[in-house]
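Undergrad: Sequence plus predicted model, see below.
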Amino acid sequence: MATIGTTARTGERCPESGVWQVVGTPSTTAPIAKNNVMPPYGGRAVTWRLTQYA
């Protein structure tokens, strides 16, 4: 299981289902399921951080 605070970049496979937050500003949160591809945000590649388990 990935720990809270784990990061993943746009285009990588999600390592853990949960609520992910974009690192930096502007930021957003999104529920992303394990093995889904991490999405871009604002039309660009970003780093996502796991903030809460699903």
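TA: Yep, it's here. Just so it is clear, the structure is predicted and the values come from calculations on it, not from any experiment.

Undergrad: what about residue 11, how many neighbours?
TA: The number of residues packed near residue 11 is 10, by other CB atoms under 10 Å. For every residue, glycine as well, the C-beta is placed using N, CA and C.

Undergrad: how close does it sit to residue 52?
TA: Relative to residue 52, residue 11 is positioned 22 Å away (CB to CB, to the nearest Å).

Undergrad: which non-adjacent residue is nearest residue 39?
TA: residue 10 (6.4 Å; CB to CB, 6 or more residues apart in numbering).

Undergrad: and what of residue 1?
TA: Counting by CB to CB, 6+ apart, the nearest residue to residue 1 once its immediate chain neighbours are dropped is residue 16, at 6.3 Å.

Undergrad: Quickly find the element holding the one you found.
TA: Following DSSP states H and E, one finds residue 16 outside all helices and strands.

Undergrad: Spit out the contact partners of it.
TA: 1, 2, 6, 34, 50, 53 (CB atoms under 8 Å, 6 or more residues apart in numbering).

Undergrad: Please report how far it lies from residue 47.
TA: Taking CB to CB as the measure, residue 16 falls 15 Å from residue 47.

Undergrad: Then residue 4?
TA: From residue 4 across to residue 47, the span is 15 Å (CB to CB).

Undergrad: Let's see which of the contacts of residue 16 end up in strands.
TA: Counted as lying in strands by DSSP state E, out of the contacts of residue 16, are 50, 53.

Undergrad: Of the contacts of residue 16, keep whichever come out buried.
TA: Buried by 16 or more other CB atoms under 10 Å: 6, 50, out of these.

Undergrad: which of the contacts of residue 16 lies closest to residue 21?
TA: residue 50 (8.2 Å; CB to CB).

Undergrad: Isn't that closest one up against residue 1?
TA: No. In this structure, residue 50 is not within contact of residue 1 by CB atoms under 8 Å, at 10.2 Å.

Undergrad: for residue 8, helix, strand, or coil?
TA: strand (DSSP: H, G, I helix; E, B strand; the rest coil).

Undergrad: tell me the contacts of it?
TA: Counting by CB under 8 Å, 6+ apart, residue 8 touches 14, 15, 20, 38, 47, 48, 50.
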